[in-house]
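Engineer: Structural data only, the sequence is not supplied:
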């Protein structure tokens with residue numbers, strides 16, 4: 001696989017999120033609520049909930065906060081009315097952007113997402129207009145500084161558990177899986193106490209777009225910042241080569 005290091009982006013996001021940890025916890029709280037509603041409050045019988053808990057731990061969410069979220073969702077299962085919506089569109093110079101949201105008010109979210117695109121000189125398109133430029137993959141990032149296992153042993157562990165690809169980047173290891181195999185691979189690593197900087201099913205661009213003009217970079221950052229500030233937005237994927 002190409003050595004396109006995602007870890008720098010992860011670190012960048014983490015630093016940004018430290019300033020807005022409340023936002024990350026809100027996002028994960030909603031994901032916990034939806035996972036509990038769909039599959040029950042017992043992580044042993046709910047793989048989606050197990051994945052969300054792993055994501056929560058990777059983002060340093062305290063255990064008691066996770067447990068409180070599960071209990072609250074289990075008690076209020078009927079009041080959880082979040083709907084999952086995906087928006088696709090274009091940023092400056094044809095960059096592709098996908099936005100996943102969990103919302104209890106579709107009109108509000110649609111208006112906010114459209115506004116973010118417009119303010120950054122982009123536009124929301126129709127379903128499927130850019131998603132074909134991305135591959136849905138399970139992606140696990142491991143910080144080399146945190147990992148004691150040898151690269152070859154880690155690679156064999158991941159591949160034996162069902163991973164598709166393993167790459168040795170400058171500061172991290174990246175493991176890719178199909179969405180279906182993601183949970184099994186993540187749990188195999190967890191069993192060996194491998195610390196994960198990030199573990200989630202994500203959308204990976206097939207090709208990246210470079211923005212050369214200052215104006216385009218400013219506009220793209222405007223879109224991403226506005227989406228980042230919106231509590232309904234769970235995740236944003238794009239093919240801008242930052």
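Structural biologist: That came through, no problem. Everything numeric in this text was worked out from a predicted model, so none of it was measured. Numbering: from 1, shown residues only.

Engineer: can you pull out the strands in the chain?
Structural biologist: Residue ranges of the strands in the chain, as given by DSSP state E, are 83-90, 96-103, 123-124, 134-143, 165-168, 172-177, 198-205, 233-238.

Engineer: Direction included, what does the shortest one pair up with?
Structural biologist: Think strand 123-124. strand 83-90 (antiparallel) (DSSP bridges).

Engineer: what comes up buried for the partner strand?
Structural biologist: The neighbour-count check on strand 83-90 (16 or more other Cβ atoms under 10 Å) flags 85, 87, 88, 89, 90 as buried. C-beta: built from backbone N, CA, C; applies to glycine.

Engineer: distance between it and the chain's centre?
Structural biologist: Distance of strand 83-90 from the chain centroid (Cα atoms, centre = their mean, to the nearest Å) equals 14 Å.

Engineer: per the record, what domains does the protein have?
Structural biologist: Listed by automatic domain parsing, the domain ranges of the chain are 7-79, 83-132+207-238, 134-205.

Engineer: for the longest one, how far is the first residue from the last?
Structural biologist: Which is domain 83-132+207-238. With Cα to Cα, to the nearest Å as the measure, domain 83-132+207-238 spans 22 Å from end to end.

Engineer: Report the distance from it to the chain centre.
Structural biologist: 15 Å.

Engineer: what pLDDT, on average, does that domain get?
Structural biologist: Summarised as a single mean, pLDDT over domain 83-132+207-238 is 95.

Engineer: quick one: the residue lying farthest from the centre of the chain from residue 121, how far?
Structural biologist: Most distant residue from the mean C-alpha position of the chain: residue 213, 27.6 Å away (Cα atoms, centre = their mean). Separation of residue 213 from residue 121 (Cβ to Cβ, to the nearest Å): 11 Å.
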